[in-house]
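> requesting a structural model of the entry that follows:
(one chain, ligands or ions: 1)
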Amino acid sequence: MSTLREFHDSMRSSHARPRLTLAIAASLFAAACRPATVSETPATTSPPRIAASFPASWRFRPGTGASFAPHAMVVSNDSIASRVGRDIIARGGNAVDAAVATGFALAVTYPFAGNIGGGGFMVIRMADGRTAALDYREIAPLAASRDMYLDANGKLTNKSIIGHLSVGVPGAVAGMDEALRRYGTLPLKTVIAPAIELAERGFVIDSGFSRQLEGSQRDITRYEGSSLFFPGGHVVAPGTRLVQRELGWTLRQIAERGPSGFYSGPVADSLVAEMKRGGGIITLADLLRYKPDWRTPVKGTYRGNTILSMPPASSGGITMMETLNILETYETPAPFGSTQWAHRLAESYQRAFLDRNSKLGDPAFIDVPQAELTSKEYARQLRAKIDDRHHTPTATLVASREPMHTTHYSVVDDRGNAVSTTTTLNNGFGSAVWVRGAGFFLNDEMDDFAAKPGSPNMFGLVQGEQNAIAPGKRMLSAMTPTIVLNPHGQVLLVVGGAGGPTIITGTSQVVLNVIDYRMSLADAMHAPRLHHQSLPDSLSFERNGLDPAVADSLRAMGHSLKQVPSLVNINAIMRVDGGWDGVFEPRSRGGAIGY
Ligand code: DON
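Numbering: from 1, shown residues only. As a prediction, this is how the structure comes out:
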């Protein structure tokens, strides 16, 4: 049984939109990974951390090691891509060069979520103190309309999650190029070269890769990717060298002409032809007008540390900051794993997600009350209404309010620059539509809009009018690329994840485990996780991740508990004595590679 599939099945309520999915599930349960690459430099020392204590039946033991490197570190869901980024730094590039190189490599070696047909967010902190947030989220095509996914009876169809109509105008290529031009030091040609080589010469796929494909076989074989990934009707077997000639050609167009090599010319023509073939609505005009946006990072504090994270069009930074502000009002953190720990997390996430789902959206289209939602005073008001002994049902909180496959990679370089990037196609392999002739999957990001305000999307998120579909609008995201600075102003953590709304809760729990519970990064990543997103009004926990007496107490307090196999896929780096610890998601696959 799969992780996110079970989780999402439990989140999905009124309408069955069955696609989410084997694919995401396969990713998180791709146990047979490419070798879990470890750092090539032995560990030295690490700062005093407090030994974590996990529930007796929890699947991970505390005290496991991280990959350590004294100079630089790249952590992603694919060890080849992490190595590409590490090599760029070792050859003199900076963290942004490495992040972009890793991003393009992931588009080749991790097509499940790495992409040029999707979009993402990047938070940057340069060693000289400059900070930046880049929004290269997809946008709705010009021909999109508010009710485009409703049938004649006003019911939601599944066209926002599969096929040509589910595709948002991709932002990945424009975004990566923009980041590189403003903060990188190397030309695009140089950082994209490893990806071209991986596409043209191929790489040997492992069983995890093969299993991800298998999980999406029914969807992918409906479209043009069928012959490459399912030759003769069978999934490419583990151990096969996968050559992607068409993708190599597309990457060469980008290397030679920059973003114009993607947004105009033969690649764009192929994409538009693919749209026409399948009844999609993206036109050349949509591609030509796509622009990434530089934004100011959400900046807040948590117990003396500084949090830098992503503002809208992602909800990640605001929702996480609102939660942390509420938790900070408790002078002493509740003991890790206790009933109060779970209760406070649940009640705080619940309040923050209510705001997320009703007040956040693309700032070009709506007014976002960011200052209010991230203020300490607002957190105090919310905290005043949290009952320490009983869960407050979401329904009673909603009444007083207005009506109404992703992958993360973290990079640090030897100069102290840090980059936190999350990118996605939404579902594993996105819409499953593969562009004939150009060789890449397109996203199904349109489902992140409220396709029918008030009805749950694929992730069970019940969102309002502020996130309704409009031409040219960015769909609200939960991606939370984050950088935490310690009280001395040094980079402490680079962290973020994949998993829809669980990104916000999972990322913030790694931050809390490090700051409140002084866990090592390895323990912070192996610790059991919780999730609450206001609706459905339930507290999800990982199997055996709550002590039975704690679970029983939470039920008695009015929490509806849902046990799921696992939650969220995080890749993180932490400063330690003499260098960096890197840990890729222990529930999934990846590589933490430094030097
Ligand atoms: O932007 C978002 O919030 C979603 N499109 C993220 C999807 C995701 O994380 C799927 N992952 N495993």
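
> shouldn't residue 303 be in contact with residue 515?
Yes. Shown here, residue 303 and residue 515 form a contact pair, counting by Cβ atoms under 8 Å, at 5.8 Å. In short, each C-beta sits where N, CA and C put it, glycine included.

> out of these two, which sits in the busier spot?
Between residue 303 and residue 515, counted using other Cβ atoms under 10 Å, residue 515 has the larger neighbour count: 22 against 12.

> how close does that one get to the ligand?
24 Å (Cβ to the nearest ligand atom, to the nearest Å).

> next: residue 590.
Note on residue 590: its distance to the ligand, by Cβ to the nearest ligand atom, is 13 Å.

> so what's that residue up against?
Residues in contact with residue 590 (Cβ atoms under 8 Å, 6 or more residues apart in numbering) are 33, 36, 75-79, 82, 571, 584.

> mind listing what the closest residue to it other than its chain neighbours touches?
Spatial nearest neighbour of residue 590, excluding adjacent residues (Cβ to Cβ, 6 or more residues apart in numbering): residue 584 at 3.0 Å. Listed by Cβ under 8 Å, 6+ apart, the contact set of residue 584 reads 36, 75-77, 82, 571, 590-592.

> if you set the cut-off to 7 Å instead, what comes out?
75, 77, 571, 590-592 (Cβ atoms under 7 Å, 6 or more residues apart in numbering).

> of the residues you listed, which belong to strands?
Cross-referencing the contacts of residue 584 against strands under DSSP state E gives 75, 591-592.

> tell me how many other residues surround residue 530.
Residue 530 - counted by other Cβ under 10 Å - has 22 other residues nearby.

> so in the chain, where's the weakest helix or strand by average pLDDT?
helix 22-28 (a mean of 32; mean pLDDT, DSSP states H and E).

> whatever helix or strand comes next after that one - what's its average pLDDT?
Toward the C-terminus, helix 22-28 is succeeded by strand 67-69 as the next helix or strand (DSSP states H and E). Here strand 67-69 scores 98 as its mean pLDDT.

> C-alpha coordinates for whichever strand or helix holds residue 324, PDB please?
Using DSSP H and E, residue 324 sits in helix 316-328. The C-alpha trace of helix 316-328 is given here as PDB (Å, rounded to 0.1, in the frame of the first residue of the first chain):
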ATOM      1  CA  GLY A 316       4.000  27.700   1.900                       C
ATOM      2  CA  GLY A 317       5.800  30.600   3.600                       C
ATOM      3  CA  ILE A 318       2.800  32.400   5.000                       C
ATOM      4  CA  THR A 319       1.100  29.200   6.300                       C
ATOM      5  CA  MET A 320       4.300  27.900   7.900                       C
ATOM      6  CA  MET A 321       5.100  31.300   9.500                       C
ATOM      7  CA  GLU A 322       1.600  31.600  10.800                       C
ATOM      8  CA  THR A 323       1.900  28.200  12.400                       C
ATOM      9  CA  LEU A 324       5.300  28.900  13.900                       C
ATOM     10  CA  ASN A 325       4.100  32.200  15.300                       C
ATOM     11  CA  ILE A 326       1.200  30.400  17.100                       C
ATOM     12  CA  LEU A 327       3.600  27.700  18.400                       C
ATOM     13  CA  GLU A 328       6.000  30.300  19.600                       C
END
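
> give the other helices and strands that it contacts.
The contact analysis (3 or more Cβ pairs under 7 Å, 6 or more residues apart in numbering; DSSP states H and E) places helix 316-328 against strand 298-302, strand 305-309, helix 339-359, helix 370-373, helix 376-384, helix 502-515.

> ok, now with 10 Å
Secondary-structure packing of helix 316-328 (3 or more Cβ pairs under 10 Å, 6 or more residues apart in numbering; DSSP states H and E): strand 119-125, strand 298-302, strand 305-309, helix 339-359, helix 370-373, helix 376-384, strand 482-485, helix 502-515.

> these: which one's closest to residue 237?
Closest approach to residue 237 among the helices and strands packed on helix 316-328 (Cβ to Cβ): strand 119-125, 30.5 Å.

> tell me the contacts of the closest residue to residue 385 other than its chain neighbours?
Distances taken as Cβ to Cβ, 6+ apart put residue 392 closest to residue 385, at 7.2 Å, once the chain neighbours are dropped. By Cβ atoms under 10 Å, 6 or more residues apart in numbering, residue 392 lies in contact with 346-347, 350-351, 385-386, 537, 558.

> for residue 302, see how far away residue 392 is.
23 Å (Cβ to Cβ, to the nearest Å).

> so the residue nearest to residue 335 when sequence neighbours are not counted versus residue 267, what's the distance?
Take residue 335 and drop its neighbours on the chain: the residue closest to it by Cβ to Cβ, 6+ apart is residue 341, 6.3 Å away. Going from residue 341 to residue 267 by Cβ to Cβ gives 50 Å.

> look at those two and report which has more neighbours.
More crowded of residue 341 and residue 267, by other Cβ under 10 Å: residue 267, with 28 against 20.

> so that one is in contact with residue 440, correct?
Yes. Here residue 267 reaches residue 440: they are 9.1 Å apart, a contact under Cβ atoms under 10 Å.

> now the common contact residues for those two.
With Cβ under 10 Å, 6+ apart, residue 267 and residue 440 have common neighbours 116, 246, 250-251.

> run a quick neighbour tally on residue 134.
28.

> need the contact list for it.
Contacts of residue 134 (Cβ under 10 Å, 6+ apart): 96, 120-124, 171, 174-176, 178-179, 182-183, 292-295, 297, 310, 419, 421, 481.

> whichever of those end up buried, select them in ChimeraX.
Of the contacts of residue 134, the buried ones go into a single ChimeraX selection, burial set by 16 or more other Cβ atoms under 10 Å:
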select :96,120,121,122,123,124,171,174,175,176,178,179,183,292,293,295,297,310,419,421,481
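
> where do the strands sit along the stretch 101-250 of the chain?
119-125, 131-136, 203-204, 241-242 (DSSP state E, counting those that start in this stretch).

> figure out which of those is closest to residue 541.
Residue 541 lies closest to strand 119-125 among the strands of the stretch 101-250 of the chain, at 27.5 Å (Cβ to Cβ).

> I'd guessed residue 206 sits against residue 239; true?
Yes. The criterion here is Cβ under 10 Å, and residue 206 meets it with residue 239 at 8.0 Å.

> spit out the contact partners of the nearest residue to residue 329 once chain neighbours are set aside.
Leaving aside its sequence neighbours, residue 329 sits nearest to residue 383 (Cβ to Cβ, 6+ apart; 4.3 Å). Residue 383 sits next to 325-330, 344, 347-348, 351 when contact means Cβ under 10 Å, 6+ apart.

> one more: residue 139?
Residue 139 neighbours (Cβ under 10 Å, 6+ apart): 119, 168-171, 286, 289-291, 313, 362, 364, 445, 470-475.

> now do 7 Å
168-169, 290, 472-474.

> how much space between it and the ligand?
Per Cβ to the nearest ligand atom, residue 139 is found 13 Å from the ligand.

> neighbour-wise, which of residue 206 and residue 239 wins?
Counted by other Cβ under 10 Å, residue 206 and residue 239 do not tie: residue 206 has more neighbours, with 19 against 10.

> show me what from the protein comes close to the ligand.
24, 405-406, 424, 426, 445, 448, 477-479, 498-500, 503 (Cβ under 6 Å from any ligand atom).

> from those residues, which land in strands?
Reading strands off these with DSSP E, I get 424, 498.
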